[in-house]
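Asker: I'd like to go over a predicted model; first the sequence, then the structure.
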Amino acid sequence: MFKWASYFLCSFAVLASKGSWATLQDNNQTVCILKDAPNQCGSFCLSALDPMQTNLDAIERKQGVITSQLWALISRQDVQQKSLPSLDYELRRHTEMQEKHISHLLAVQSEMQALQKEMLHSILDVYKKLNAHQTLVQESLDKSITKEVFENRLEGVDKQLLTIGSTMAILMSRSVDQPHTVQNQSLQSPQASLQESLSEIGSEPPQFEQIGSRHFFIEHNLRLNWTMAAQRCRQIGGHLASFQNRLEFNAVTAKLLTGDVYYWIGMNDLGQEGQFVSVASGNPVAFFDWGYGEPDNLGGNHDCVDIAHAKMWDSKCADEERFICQSDNEV
């Protein structure tokens with residue numbers, strides 16, 4: 001194809017040259033007549049065809065790219081056509097599962113409605129029975145005692161309750177001042193039992209000693225959990241201790257036993273995690289001196305604060321440890 005194009009262009013050049021030669025003859029000018037056009041015009045024709053050849057190459061490359069893209073599209077189409085049956089199967093399967101699920105939901109809804117009706121009937125039956133029982137009780141009361149007698153008896157019971165409450169208040173106040181004077185075995189309420197247990201712990205209330213500007217009591221022997229330690233401090237007229245500054249903290253820790261010996265103090269975050277308050281004043285704690293990595297709330301139940309190695313640690317409130325009391329409720 002390239003050879004024929006070369007011949008064509010050379011022939012065109014010869015004709016053009018002949019036309020020019022004829023024109024030049026009329027003007028009495030001399031020209032070079034081509035005797036071997038293919039050989040004499042080869043270079044010219046090649047130079048003239050070079051851009052065309054370049055364009056043809058570019059077109060062929062583009063055609064190759066388009067052909068590749070077309071084959072890719074055909075292949076993709078084939079894959080999609082092959083996957084259509086599986087997609088159709090999955091769609092039918094999903095539709096069947098959805099229909100089964102809807103049927104199951106409808107069945108459950110029907111069962112729930114039936115249970116609701118049954119529960120409603122049961123509640124109505126119970127309500128009727130209660131009304132009937134209430135009527136019988138009222139009739140029995142009306143027959144047994146009059147309204148006036150019932151009110152008089154109720155008033156007497158109220159007076160007895162007030163008397164018992166006053167007596168308990170007096171006994172509780174006495175038990176705080178003198179732990180061994182209250183031994184009444186007839187009052188077995190939880191508070192009385194707790195107070196009686198604490199009364200058996202020690203004899204006379206210990207003496208507070210002045211450390212810095214305040215008074216503290218340090219229990220080196222008895223070990224209690226945090227709640228019982230707080231109750232013991234209240235029993236002797238104080239509270240579990242908190243500290244107002246480092247000077248006071250250092251003065252107290254200097255009197256503690258060394259080593260792995262822990263002392264409860266009056267700080268906890270039982271109300272809100274991370275918000276430590278003083279059990280004595282109910283205010284946020286004024287001074288901390290935590291150990292390394294503390295407070296870590298290890299296990300999610302370290303809510304009470306103790307002292308060891310002259311540092312503060314958060315520990316389980318159920319642990320039994322020594323404790324420190326303060327005489328005031330200002331800190």
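Answerer: Right, received. Where do you want to start? Residues are numbered from 1 along each chain as shown.
Asker: Would you work out how far apart the start and end of stretch 284-304 are?
Answerer: End-to-end distance of stretch 284-304: 14 Å, with C-alpha to C-alpha, to the nearest Å as the criterion.
Asker: Stretch 235-251 now?
Answerer: Distance across stretch 235-251, first residue to last, is 25 Å (C-alpha to C-alpha).
Asker: mind listing the strands for the stretch 101-250 of the chain?
Answerer: With DSSP state E, counting those that start in this stretch applied, the stretch 101-250 of the chain shows strands at 209-211, 214-224, 239-240, listed in chain order.
Asker: Comparing these, which stretch has the densest surroundings?
Answerer: A comparison of those by mean neighbour count, using mean count of other C-beta atoms under 10 Å, puts strand 239-240 on top with a mean of 24. Every residue, glycine included, has its C-beta placed from N, CA and C.
Asker: and that one, what other elements does it pack with?
Answerer: Using 3 or more C-beta pairs under 8 Å, 6 or more residues apart in numbering; DSSP states H and E as the contact criterion, the elements in contact with strand 239-240 are helix 226-235, strand 263-268, strand 321-326.
Asker: Only the buried residues of the first one, if you could.
Answerer: The neighbour-count check on helix 226-235 (16 or more other C-beta atoms under 10 Å) flags W226, M228, A229, A230, Q231, R232, C233, R234, Q235 as buried.
Asker: For Q272, see how far away the fifth one is.
Answerer: Translated: Q231. With distances taken as C-beta to C-beta, to the nearest Å, Q231 is found 23 Å from Q272.
Asker: same check, this time on the first one
Answerer: As judged by C-beta to C-beta, W226 and Q272 stand 17 Å apart.
Asker: Helices of the stretch 1-150 of the chain, residue ranges please.
Answerer: Taking DSSP state H, counting those that start in this stretch to define them, one finds helices in the stretch 1-150 of the chain at 2-26, 37-40, 42-144, 147-177.
Asker: The first one - what's its average pLDDT?
Answerer: Okay, so that is helix 2-26. For helix 2-26, the mean per-residue pLDDT is 49.
Asker: Check the shortest one too.
Answerer: In this model, helix 37-40 has an average pLDDT of 61.
Asker: cool, and stretch 101-113?
Answerer: 89.
Asker: For that stretch, C-alpha coordinates in CSV please.
Answerer: Once side chains and other backbone atoms are set aside, the C-alpha atoms of stretch 101-113 remain, and they are given as CSV (Å, rounded to 0.1, in the frame of the first residue of the first chain):
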residue,chain,number,x,y,z
HIS,A,101,-39.7,-14.3,58.1
ILE,A,102,-42.9,-12.3,57.6
SER,A,103,-44.9,-15.5,58.2
HIS,A,104,-43.0,-16.1,61.4
LEU,A,105,-43.6,-12.5,62.6
LEU,A,106,-47.3,-12.8,61.9
ALA,A,107,-47.4,-16.0,63.8
VAL,A,108,-45.6,-14.5,66.8
GLN,A,109,-47.9,-11.5,66.6
SER,A,110,-50.9,-13.7,66.8
GLU,A,111,-49.5,-15.6,69.7
MET,A,112,-48.7,-12.3,71.5
GLN,A,113,-52.3,-11.1,71.0
